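Chemist: sequence and predicted structure, then a few things I'm wondering about:
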Amino acid sequence: MQEGQKVGSGSQLDGVNSDQFRYLNKNRLKTAEQFRNVFNAGKRSIDSQFIILATENLLGYSRLGMAIPKKKINRAVDRNSIKRLIRECFRNSTIVEKGYDIVVLPQNKIDVKQKERLKNSLISHWKKIHK
RNA sequence: UGAGUCAGCCAGACAAUCGCCCUGAAUUAUAAGGGAGGAAAGUCCGGGCUCUAUAGGGUAAGACGCCAGGUAACGCCUGGGCGGCGUGAGUCGACGGAAAGUGCCACAGAAAAUAUACCGCCUGUAAGGGUAAGGGUGAAAUGGUGUGGUAAGAGCGCACCGCAUAUCUGGUAACAGAUAUGGCAUGGUAAACCCCGUCUGGAGCAAGGCCAAAUAGGGAAACAUUGGUGUGACCCGCACUGUUUCCGGGUAGGCUGCUAGAGGUGUAUGGCGACGUACACUCGAGAUGAAUGAUUGUCCAAGACAGAACCCGGCUUACCGGCUGACUCCUUAA
RNA sequence: CGGGGCGUAGCGCAGCCUGGUAGCGCACCUGCCUGGGGGGCAGGUGGUCGGAGGUUCAAAUCCUCUCGUCCCGA
């Protein structure tokens, strides 16, 4: 049961948040201006799976935005499932309580079925940003 | 048992933990309830709803096209007719009009539609005449088969079939059947233009409405009442009253529409059926950077196609499998 | 979500409306002109016309469905 071990090792991150932090309205990036700020002044973290942009904000909590174009991911089912995966990873990590605005972009050819791989890459991205 | 046809249904289930959207008794922090599909898809049709006199009348343009019915409506569905396919259950069909008109029919062929005559056949010394049976061309050649007839032939005559016209019978009708007459007149193509009949105003929830905020009737020049503008096909009509250009100034956030509907389920009843009527019960998504997820465990037939965005009725396309019912054919056994 | 357009040779485009022969330019190959390169001339190769079905004697063309791709509209 290798999968169980991986989750167990990630539970140090999970254990902190569970009751206090949720994916609420305030944790989302909404308007076009907020997106523009991240695109203009953001740090980048690039990978074969995702491109991630981030800036610090002074709010004390992080906010997440996603831009998943139809050109890159054709079917609506896959787009939804990627959004869910990203949101789940964001919620389960400690980065929620730090103050960042984050935008996630997918790379061109992503296999939606390889969930473990996508997750691991997201977790490493969060670590990079918070250095 | 095998092969097959049609109709309908399901679209992994259960438990635990964490989490998302909506409603929300109670009152500021939590119970409880609900939460994608048969195609939500393609946007191919038809409506509801909203706005707009370019909505009225006419023309144009487009769609449809056997008959009857169903429906809010349809290009959909049901039943029937006709034709094709299949041993059969069944299934498929853009299935009006070519004796209103125009166009087209390459190549080959004598000739591709007011007909005509290459090789032939008959007659004749020949010129010419008669003829369309046979050959040949082609996707298609001016009723087909047989027989009489003839110089050779020919609906020229006759029989059967086809066709046309008329009458009668059955059927609401499409159509079918019968009888009589005619004596072959009418090549194909309408998914070529077209004719006939029926229908269609346009735009679409990013429609539209409300609140707040902002802007704001400024200046200059030119032209003009034979008008000008509103034109998204055009004309008549209708509406409005100065119009155009330049300079200066300048904003876009929230709420709503938003789900109780041609809704669903059951019973009774009318109808061959699609479907209608009556009664009872019921509320089963409503996001707005956009909710349905993740992990673990158990079971099995090992989970396909695929994600609502105003809502319905269809059509088309994608799809791993499984189940039920009715029916047909073949083999074996009884 | 709504409204449009385009798929034809390796590349860029005609042909489609009005159905019978698939063509143009660049590229590629061969030969010639030149001592060689470049350039020019002549000839040639190469396309089930995005896919499936239908109408027709015959479909790139007409009709229906479908798959890609591109452009508009807060």
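Modeler: Great, that's in hand.
Chemist: helix, strand or coil for residue A:53?
Modeler: strand (DSSP: H, G, I helix; E, B strand; the rest coil).
Chemist: that one: what's it in contact with?
Modeler: Counting by C-beta atoms under 8 Å, 6 or more residues apart in numbering, residue A:53 touches A:38, A:39, A:42, A:43, A:44, A:102, A:103, A:105. Quick note: C-beta positions are derived from backbone N, CA and C, even for glycine.
Chemist: equivalent analysis for residue A:124, please.
Modeler: Residues in contact with residue A:124, defined by C-beta under 8 Å, 6+ apart, are residue A:47.
Chemist: rounded mean pLDDT for the helix or strand where it lies, please.
Modeler: Using DSSP states H and E, the element containing residue A:124 is helix A:115-129. The predicted model gives helix A:115-129 an average pLDDT of 84.
Chemist: how about stretch A:55-74?
Modeler: Computed over stretch A:55-74, the average pLDDT equals 78.
Chemist: looks like residue A:62 contacts residue A:103 (just checking).
Modeler: No - the criterion here is C-beta atoms under 8 Å, and residue A:62 misses it with residue A:103 at 11.5 Å.
Chemist: thinking again about what came up before, out of the contacts of residue A:53, who's the most crowded?
Modeler: Ranked by the number of neighbours (other C-beta atoms under 10 Å), the contacts of residue A:53 place residue A:102 first, at 26 neighbours.
Chemist: what separation is there between that one and residue A:73?
Modeler: 19 Å (C-beta to C-beta, to the nearest Å).
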